[in-house]
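# Give me a model of this one.
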Amino acid sequence: AAAVGATFEAFDLGDYPLRIRDGDVDRLAGLMREYAPHVVLTHPDRDPFNPDHPVAHAAVATARQLTAGAGVSSGFRTALPSEFLVFEPHQPELCGFVPTVFVDITDVMPAKQEAMAAMGAQGYLREYYTQRADQRGNHARRVTGDPAVRQAEAFQRLIPNVVGSL
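Numbers count the residues shown, from 1 in each chain. Now for the predicted structure:
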């Protein structure tokens, strides 16, 4: 977290299996109300190899819904609905992941590599996500025509975005 200027708060709920209780979802919704994030990221809702990832997705999706109060007046504190995205898993095709958003990370790729190096577990993912950043950078260059994009991350939007005009 420090490598990218963020803070980290662990819920210590275990991993593989991840067990979520109602109180855990309420706690997450409380943090979302407190921070009122513009964007919420989570795992895709399917993963044939990691049963904890769909559980995390469901908890985050529910907490996000409780945070926004469905965009109507509620009897509890709410925050504006956030953008809701899933990040790219390391087996995207098997998880039904389809990129709908690319973020140019060219300027912050060194910080991403530092953050990945700090993670002791699953070291094989460092090389994979470095290669994936180059591949997604190629996709982003083609989508935008911007030759300066070298690396990108892909996300899948789960809620339609709203624009003023086209």
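# in the chain, which helix or strand is least confident?
Within the chain, no helix or strand scores below helix 109-118, which has a mean of 89 by mean pLDDT, DSSP states H and E.
# Show the subsequent helix or strand relative to that helix.
Tracing the chain C-terminally past helix 109-118 and defining elements by DSSP states H and E, one meets helix 124-144 next.
# got the contact list for that next one?
If you take Cβ atoms under 8 Å, 6 or more residues apart in numbering as the criterion, helix 124-144 is touched by 88, 90, 99, 102, 104-106, 109, 112-113, 116-117, 119, 146-147, 149-154. C-beta: built from backbone N, CA, C; applies to glycine.
# Can you select the buried ones among those for me in PyMOL?
With 16 or more other Cβ atoms under 10 Å as the criterion, this PyMOL line picks the buried residues out of the contacts of helix 124-144:
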select buried, resi 88+99+102+104+105+109+112+113+116+149+150+151+152+153+154
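# Packing partners of the least confident helix or strand of the chain?
helix 124-144 (3 or more Cβ pairs under 8 Å, 6 or more residues apart in numbering; DSSP states H and E).
# swap the cut-off to 6 Å and go again
The helices and strands touching helix 109-118, judged by 3 or more Cβ pairs under 6 Å, 6 or more residues apart in numbering; DSSP states H and E, number zero.
# can you list the residues that contact stretch 25-41?
Residues from elsewhere that reach stretch 25-41 (Cβ atoms under 6 Å, 6 or more residues apart in numbering): 59, 62-64, 66-67, 77, 79, 82-85, 87.
# Repeat the analysis, applying 8 Å as the threshold.
With Cβ under 8 Å, 6+ apart, stretch 25-41 has contacts from 9, 11, 59-60, 62-64, 66-67, 77-80, 82-87, 155.
# just so I have it, where are all the strands in the chain?
With DSSP state E as the criterion, the chain has strands at 39-42, 83-87, 101-104, 152-157.
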